[in-house]
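# okay, predicted coordinates and the sequence, questions at the end:
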Amino acid sequence: MSEPMTTTVDVNGHPCRVWTKGKGPKLGFLAGLGGLPRWLPFLDRLAESRTVVAPSLPGYPGATGHTELDTHLDWVLAVRQIVEKAGLAGADLVGASVGGAFAAEMAAIFPGHVGKLALIAPFGLFDDKEPAADPWAQRKDVLPGLLCADPANWTDLVAAPEGANSVEWPIEMTRASEAAARAFWPLGNTRLEKRLGLIAAPTLILWGDRDAILPPSYAGKFAQGINKRINKGLNGPTRVETVPNAGHLAYLDQPDAVARAVLAHFA
């Protein structure tokens, strides 16, 4: 894989890395747990026909500033800054896991900032009858199997990239986990259900059939919430697709299948 172009935007006085690669209309990607320690095969598939712009969220690899964000509103406004400064306002947007929750917030609160929307197992909801797993309460050896159908895919994601300081890298990944926890602990519940009905963007929801963090049934809850605005329930314009043999971070387990579904939705 060729390397993406790297730029930096300022958010609340802190740098956030932005990776860009590809050709065609812009497509934004907000990554899930773990962020983007490295460029991914999934993003290369998207970049074959779209200009992929992948900003790092505060505290994730490539960015700082998460300690400035004390409330959910702080986070939402920071993500809005990132979307605007990365040149993504009005572009199609893909969000996964924690990034999926923020992508949904952008589409609900700032509808002019999002063209079409694709959500991959987003955080934001909680059902006490089908509780989500708490990724911040897991042993290190258990977490890979919760996040990916093939645990090796998570291990590969968070391994130190070439050129990284071997001493500092574990600290950077701990900081990424802390940033996610500041935004979504406990259990990823941000009461997003109250805002889903504001989303007007054509939306695709993708869920790995082996997601061990958020039950796949949550896909239907998201679809119902978004389609509520037109009283269409599960039969509204928001579509749900299941990704076979994929866990919570389906784009790591099945990059080709997830990229095909996303590009078909954005066509």
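Received the coordinates, thanks. Numbering: from 1, shown residues only.
# tell me where the longest helix sits in this protein.
Looking across the chain with DSSP state H, the single longest helix is helix 169-184.
# can you list the strands that the helix or strand following that one pairs with?
Heading C-terminal from helix 169-184, the first helix or strand you meet, by DSSP states H and E, is strand 203-208. Next to strand 203-208 in the sheet, as set by DSSP bridges, lie strand 117-120 (parallel), strand 239-243 (parallel).
# per-residue confidence at residue 185?
For residue 185, the model assigns a pLDDT of 86.
# so how far is residue 65 from the residue nearest to it when sequence neighbours are not counted?
Once flanking residues are discounted, residue 185 sits nearest to residue 136: 5.9 Å by CB to CB, 6 or more residues apart in numbering. (C-beta placed from N, C-alpha, C; glycine too.) Counting by CB to CB, to the nearest Å, the gap from residue 136 to residue 65 is 20 Å.
# and the spatially closest residue to residue 70 that is not a sequence neighbour, how far from residue 120?
Take residue 70 and drop its neighbours on the chain: the residue closest to it by CB to CB, 6+ apart is residue 182, 8.0 Å away. Separation of residue 182 from residue 120 (CB to CB): 21 Å.
# who's more crowded, the two?
In this view residue 182 and residue 120 are compared by other CB atoms under 10 Å, and residue 120 has more residues nearby, 31 against 18.
# check the gap between that one and residue 30 for me.
Computed as CB to CB, the residue 120 to residue 30 distance reads 10 Å.
# for the stretch 51-200 of the chain, just list every one of the strands.
Counting by DSSP state E, counting those that start in this stretch, one finds strands in the stretch 51-200 of the chain at the ranges 51-55, 92-96, 117-120.
# most tightly packed of those strands?
Ranked by mean neighbour count, these are led by strand 117-120 with a mean of 29 (mean count of other CB atoms under 10 Å).
# what's the average pLDDT for it?
If you average the pLDDT values across strand 117-120, you get 98.
# by contact count, what packs against the longest helix of the chain?
Helices and strands touching helix 169-184, by 3 or more CB pairs under 8 Å, 6 or more residues apart in numbering; DSSP states H and E, are helix 72-85, helix 98-109.
# swap the cut-off to 10 Å and go again
Counting contacts by 3 or more CB pairs under 10 Å, 6 or more residues apart in numbering; DSSP states H and E, helix 169-184 is packed against helix 72-85, helix 98-109, helix 151-158.
# buried set for the longest one?
This means helix 72-85. Buried residues in helix 72-85, counted by 16 or more other CB atoms under 10 Å: 72, 74-83, 85.
# how far does it sit from the chain's center?
Helix 72-85 sits 14 Å away from the centroid of its parent chain (CA atoms, centre = their mean, to the nearest Å).
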